[in-house]
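Novice: Sequence first, then the predicted structure, then my questions.
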Amino acid sequence: MSGRLLIVEDCSWVPVDSRAKIVGLMGAALAVSAAPSVVVLGIQLGLIAGVLLVSRLSLKWALQRCALVTPFAAMMAAFLAFERAPDYAPSLLVLGKAYGSVLVLGILIASTSVPDLVTGLQRLRFPAVLVVTASFTYRYAQLLEDEWARMARARLSRSGRSAGEAAWGSRFAALFLRSWDRAERVAACMAARGFDGSMADGSGSAFEKRDWMFAGSLLLVTVPLLWRP
Amino acid sequence: MHIADGILPTAWCAAGHAVALGAVVWLGRRVEPWEVARMGMMSATCFVVSMIHFPLLGTSVHLGLFGLTGILLGGRSFPVIFTTLLFQALLFQHGGLLSLGVNALNMGVGALVAAFVWKASALPDSIRGALAGFLGAILPALLLVAEFQAVGYGKGFAAIAGIYLAVAGVEAALTVSVISFFRHAKPALLESR
């Protein structure tokens, strides 16, 4: 059971520093979000499609990521269409930006493991409290999943059926308390080993030429913003 | 309730990030090692719970536990919610990275108000727990509606807030149930912040 929760499509095609991926892909997402017209956005989406092709991520994967954001983006686009009719360009922009951003984020998470991502955030000097909480979140999400499965097995072995909906509050609280106690024990062990509330930076690799090139090539998505008709 | 990227103007997103990261640093200052484990645990809980969707009034919603987070962690709830939203944006496309700051402010305000209600009120546990759970869920929805109106998506969006009245009701009931359980099983948890 362990780890099933956080598995995403593996795509280790980019052997570059996670900082380069974060900066490059965040820059690309920002550029897509700032697209002033449908034409500029179209060029940017074309560049992102190129990155997707190079990444060898499947079309099915891309469509699944887009499907996740479709209900919300489509609803916002529909509201805008009613509000600004007959000018439908703002609706198209909202849809295109949402899809562009979701694909860029998808590439980031498909090419970077969560621990690498957390290390990247740390080395980019994100607030320490954020980095350490993110690290613990990743660890405890899997712990919670395990604990939930254990409780479900115990319940079924006792009664052979699942509890009613009325018991959800108590079940959730019991799960939370068990996990909370385990988290406290983990914290106590870490404190005994000298943990002071901050994460040690285990990987001390320098930013190399290929990292600069990778981040720079992703930031090409910002170039269409300079285009003026 | 999560705003995806591309919905709000870039300037709004930048401002949201600036304010939210400032709040993360301010409310997460001088964090003790034992607090880190609790914050991680709460963030993981919010993250896992948010994956459980249930149908409501023709749409699909999930709980956020902002009220409960505020009750258990006080001001530390803000960095926790920011982290939870970061994971949701990265792994499940619930909200975007650029709109993360605005989303964190919307939901963090709900948690902070819930923390205030829990701490400042002398009402019985069940009433202040219900209030905290309800406000923790409804305030983010109201802020979201206000933002959409300000940006120009029209007033039609206000109807969506009605759905969140029902979600807030469920959150209030769950918060009371969980608080009641904690009061009997581990009361220290409710007094620690």
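Specialist: That came through, no problem. Residues are numbered from 1 along each chain as shown, chains lettered A, B, ... in the order given.

Novice: B:A114 - how many residues pack around it?
Specialist: Around B:A114 sit 31 other residues, with neighbours defined as other CB atoms under 10 Å in any protein chain shown. To be clear about C-beta, it is placed using only N, CA and C from the backbone, and glycine gets the same treatment.

Novice: I figured it was touching B:L72, is that so?
Specialist: No - when contacts are counted by CB atoms under 8 Å, B:A114 is not listed as touching B:L72 (10.0 Å).

Novice: so how far is B:G70 from B:A159?
Specialist: From B:A159 across to B:G70, the span is 27 Å (CB to CB, to the nearest Å).

Novice: Between the two, which has more neighbouring residues?
Specialist: Taking neighbours as other CB under 10 Å, B:A159 and B:G70 compare with B:G70 leading, 33 against 9.

Novice: Flag the shaky bits of chain A, pLDDT-wise.
Specialist: For chain A, applying pLDDT under 70 flags the ranges A:1-14, A:160-169, A:200-204, A:228-229.

Novice: Break it into its domains for me.
Specialist: A:17-113+A:206-226, A:121-192 (automatic domain parsing).

Novice: Need those domains in a markdown table (columns: distance to chain B).
Specialist: Conversion of the domains of chain A to a markdown table gives the following (distance: least, CB to the nearest CB, whole Å):
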| stretch | distance to chain B |
| --- | --- |
| domain A:17-113+A:206-226 | 3 |
| domain A:121-192 | 2 |
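
Novice: Scan the helices and strands of chain B for the one with the lowest mean pLDDT.
Specialist: Of all regular secondary-structure elements in chain B, judged by mean pLDDT, DSSP states H and E, the least confident is strand B:53-56 with a mean of 68.

Novice: What residues of stretch A:180-198 count as buried?
Specialist: Along stretch A:180-198, the positions that meet the burial threshold by neighbour count (16 or more other CB atoms under 10 Å in any protein chain shown) are A:W180, A:R182, A:A183, A:V186, A:A187, A:M190, A:A191, A:F195, A:G197.

Novice: can you map out the helices along chain A?
Specialist: Ranges of helices in chain A, per DSSP state H, are A:18-33, A:38-55, A:59-84, A:89-111, A:114-123, A:128-159, A:168-192, A:209-218.

Novice: now the second one and helix A:59-84, what's the angle there?
Specialist: Calculated by axes from the mean of the first three to the mean of the last three CA atoms, to 10 degrees, helix A:38-55 forms an angle of 170 degrees with helix A:59-84.

Novice: packing partners for helix A:38-55?
Specialist: Using 3 or more CB pairs under 8 Å, 6 or more residues apart in numbering or on different chains; DSSP states H and E as the contact criterion, the elements in contact with helix A:38-55 are helix A:18-33, helix A:89-111.

Novice: could those helices be laid out in CSV, adding mean neighbour count?
Specialist: Below are the helices and strands packed on helix A:38-55 laid out as CSV (neighbours: other CB atoms under 10 Å in any protein chain shown):
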stretch, mean neighbour count
helix A:18-33, 24
helix A:89-111, 23
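
Novice: would TSV of those with distance to B:R30 be doable?
Specialist: Written out in TSV, the entries for the helices and strands packed on helix A:38-55 read as follows (distance: least, CB to CB, whole Å):
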stretch	distance to B:R30
helix A:18-33	27
helix A:89-111	32
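
Novice: Any idea which of those gets closest to B:V31?
Specialist: Among the helices and strands packed on helix A:38-55, the nearest to B:V31 by CB to CB is helix A:18-33 (23.2 Å).

Novice: The closest one vs helix A:114-123, what angle?
Specialist: Using the same axes, to 10 degrees: helix A:18-33 against helix A:114-123 is 80 degrees.

Novice: which secondary structure elements does helix A:18-33 contact?
Specialist: By 3+ CB pairs under 8 Å, 6+ apart, helix A:18-33 packs against helix A:38-55, helix A:89-111, helix A:114-123, helix A:209-218, helix B:10-27.

Novice: Repeat the analysis, applying 7 Å as the threshold.
Specialist: If contacts are counted by 3 or more CB pairs under 7 Å, 6 or more residues apart in numbering or on different chains; DSSP states H and E, helix A:18-33 sits against helix A:38-55, helix A:89-111, helix A:114-123, helix A:209-218.

Novice: With distance to B:R29 added, can I get the ones you listed in TSV?
Specialist: Listed next are the helices and strands packed on helix A:18-33 as TSV, based on distance: least, CB to CB, whole Å:
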stretch	distance to B:R29
helix A:38-55	38
helix A:89-111	29
helix A:114-123	17
helix A:209-218	31
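
Novice: So which of the ones you listed is nearest B:F181?
Specialist: Of the helices and strands packed on helix A:18-33, the one closest to B:F181 (CB to CB) turns out to be helix A:114-123, at 30.8 Å.

Novice: most tightly surrounded among the domains of chain A?
Specialist: Using mean count of other CB atoms under 10 Å in any protein chain shown, the stretch among those with the greatest mean number of neighbours is domain A:17-113+A:206-226 (a mean of 19).

Novice: how far is it from where the chain is centred?
Specialist: Between the centre of domain A:17-113+A:206-226 and the centre of its host chain there is 14 Å, according to CA atoms, centre = their mean, to the nearest Å.

Novice: sorry, back to before: can you tell which of the helices and strands packed on helix A:18-33 is closest to B:R38?
Specialist: Put simply, out of those the one that sits nearest B:R38 is helix A:114-123, at 18.3 Å, with distance taken as CB to CB.

Novice: Pull the distance from that closest one to the chain's centre.
Specialist: Helix A:114-123 has its C-alpha centroid displaced from the chain centroid by 12 Å (CA atoms, centre = their mean).
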